[in-house]
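Student: mind looking at a prediction? Sequence and model below.
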Amino acid sequence: MKEKIKIAIVGVGNCASSLIQGLHFYHNKNADDSIGLMHWEIGGYQPWEIEVVAAFDIDKRKVGEEVSKAIFSKPNCTTVFCQDIPETGVKVQMGKILDGFSKHLKDYDDHSTFLIADNTEPTEEEVVNLLKASGAEILLNYLPVGSEEATRFYANCALEAELAFVNNIPVFIASDPIWAQRFKEKNLPLIGDDIKAQLGATITHRTLTDLFRKRGVKLERTYQLNTGGNTDFLNMLNHTRLASKKTSKTESVQSVMAERLPNENIHVGPSDYVSWQNDNKVCFIRMEGKLFGDVPMNLELRLSVEDSPNSAGVAIDAIRCAKLALSRGEGGILEAASAYFCKHPAIQFTDDEAFQMLERFIRLE
């Protein structure tokens, strides 16, 4: 029996919870019963053939806990669709704090707030040694939006420990030429930046924008407003942490337009925190344009999704693509995987183009 893909996770929040639940949810499924997956098999690996061997967090309700228990600890609030998770033998390690949380998160009730562990923060050398000792092959970044310094810290740890890096958040690593070159020099796979949900606000907005372009409809102005009740939306109430997120989401939509819209005619980004929504994300999209004969039209759409499982459905493919690249000895930016799985890749492609590129990558064509 072949070994599972060994991963390490930074940030044991809702997204990590959904991913780990999914690894067990699909264990007793087969290719004919694979609802919710884009690929049943990639590189010979089925969705459950992934193993968490290390995890880092800074919340005292998770640090020191077994991973199988920590994923259900507060302030996590995502849907529990697979509760019976066997123990992994892996405990959550204290992570580096840096800017990995926004201080206003201390001011909310127990449901939402961060409770910072008083454990001693690890040095870079200690994190690197833990990653090496765990046998991890791939490091997943699930830190909160705005964790610029912390993301760079863990990206550097991945380089030093010689791990592939999957950057699921809007801090620019894969789309930064300097970081991209560092991963290329070490021949380590890099996927990023900012994971694109399986069927979420941005992928829907991109698809509609592409449809306008293909059907000859002139798009004149548009917005995307999002509300949610998880800690990521609470974190983003601190607007100083939002710059990269807004850039990532806006560029993802702008990149598939026939003509770029002026900044005053496009608004894409998180809008507000509504606590009782928990991990449910509600998106409102409006698009205004002109049809044949300059006749005006508009489109309005409301989308409601559980945010973190929507991310996990993509992450499970990104992990297997990173493993596929490792097995082939391929390092640096994985262009096809980044374009298809992420909002802010180094090079933007339409989703149709990115899909075809990804299929060719998987088949080694």
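Tutor: Received, thanks. Numbers count the residues shown, from 1 in each chain.
Student: burial of residue 191, as a residue count?
Tutor: Look at residue 191: counted by other Cβ atoms under 10 Å, it has 32 neighbours. Heads up, the C-betas are built off the backbone N, CA and C, glycines and all.
Student: what sits against it?
Tutor: If a contact means Cβ atoms under 8 Å, 6 or more residues apart in numbering, then residue 191 has 164-167, 174, 318, 321-322, 333-334, 337-338, 341-342 as its contacts.
Student: tell me which element residue 3 falls in.
Tutor: For residue 3, there is no enclosing helix or strand under DSSP states H and E.
Student: could you check how far it is from residue 135?
Tutor: 9 Å (Cβ to Cβ, to the nearest Å).
Student: which one of these two has more residues nearby?
Tutor: residue 135 (12 against 9).
Student: pretty sure the more buried one contacts residue 53?
Tutor: Yes: using Cβ atoms under 8 Å, residue 135 is in contact with residue 53, at 5.6 Å.
Student: tell me, what's touching these two both at once?
Tutor: Residues touching both residue 135 and residue 53 (Cβ under 8 Å, 6+ apart) are residue 6.
Student: hmm, back to that, neighbour-wise, which of the contacts of residue 191 leads?
Tutor: residue 338 leads the contacts of residue 191 on contacts (other Cβ under 10 Å) with 32 neighbours.
Student: what's the distance between that residue and residue 250?
Tutor: Residue 338 is 18 Å from residue 250, where distance means Cβ to Cβ.
Student: got it, and residue 129?
Tutor: Separation of residue 129 from residue 250 (Cβ to Cβ) stands at 40 Å.
Student: element containing residue 245, please.
Tutor: Taking DSSP H and E as the criterion, residue 245 maps to helix 243-254.
Student: residues in contact with the residue lying closest to residue 116 once chain neighbours are set aside?
Tutor: Counting by Cβ to Cβ, 6 or more residues apart in numbering, residue 116 lies nearest to residue 58, which is 5.8 Å off, once chain neighbours are set aside. Listed by Cβ under 8 Å, 6+ apart, the contact set of residue 58 reads 94-97, 100-101, 114, 116-117.
Student: also residue 324?
Tutor: With contact set as Cβ under 8 Å, 6+ apart, residue 324 has these partners: 42-43, 361-362.
Student: tell me where this structure has helices.
Tutor: Ranges of helices in the chain, per DSSP state H, are 14-25, 67-70, 124-134, 148-161, 177-185, 201-214, 231-235, 243-254, 307-328, 335-341, 351-363.
Student: okay, those helices in CSV with distance to residue 265 next?
Tutor: Below are those laid out as CSV (distance: least, Cβ to Cβ, whole Å):
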stretch, distance to residue 265
helix 14-25, 32
helix 67-70, 44
helix 124-134, 44
helix 148-161, 28
helix 177-185, 30
helix 201-214, 13
helix 231-235, 25
helix 243-254, 11
helix 307-328, 27
helix 335-341, 25
helix 351-363, 22
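Student: closest one to residue 79 among those?
Tutor: Proximity to residue 79, assessed across these by Cβ to Cβ, is greatest for helix 307-328 (6.5 Å).
Student: so where's this protein uncertain?
Tutor: Applying pLDDT under 70 to the chain flags residues 1, 105-113.
Student: neighbours of residue 347, how many?
Tutor: For residue 347, the neighbour count with other Cβ under 10 Å is 11.
Student: to residue 281, which of the helices of the chain lies closest?
Tutor: helix 307-328 (4.2 Å).
Student: if you count neighbours, what's buried in the closest one?
Tutor: In terms of neighbour count (16 or more other Cβ atoms under 10 Å), helix 307-328 has its buried residues at 307-326.
Student: can you list the buried residues in stretch 238-251?
Tutor: 238, 241-242, 244-251.
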